[in-house]
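Undergrad: dropping the sequence and predicted coords here.
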Amino acid sequence: MLGMMFTEKECKEFDYLLRKEMDEMLLDMSDRRLDGPVKEAITRRYKIIFRMYARIAPPRELSRYATGLKPQSHKY
């Protein structure tokens, strides 16, 4: 495990970066042009970023991004 200390400003920036990254991944996961393996890789990465975000986010904000953790139905 690695520990880091952030100032309040750095913490807000980190929060912003994680949210924007998750927003981009949610958009990519909804893109029908991407195939299964690519979406699976994005989903795995999303779960990692979400766990990082969960350590600093208030529960109200966290619930907004928890919807991205639902399994995706594959339509081929």
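TA: Structure's in. What do you need? Numbers count the residues shown, from 1 in each chain.

Undergrad: quick one: mean pLDDT for the longest helix belonging to the chain?
TA: Identified as the longest helix of the chain according to DSSP state H is helix 8-29. Per-residue pLDDT values over helix 8-29 give a mean of 94.

Undergrad: pull out the buried residues from the very next helix or strand once past it.
TA: Once helix 8-29 ends, the next helix or strand along the chain (criterion: DSSP states H and E) is helix 36-54. Under the neighbour-count criterion of 16 or more other CB atoms under 10 Å, helix 36-54 has K39, I42, T43, Y46, I49, F50, Y53 buried. For glycine as for every other residue, the C-beta is placed from the backbone atoms N, C-alpha and C.

Undergrad: returning to that earlier point: could you say what helices and strands the longest helix of the chain packs with?
TA: In terms of contact count using 3 or more CB pairs under 8 Å, 6 or more residues apart in numbering; DSSP states H and E, helix 8-29 is assigned the packing partners helix 36-54, helix 59-66.
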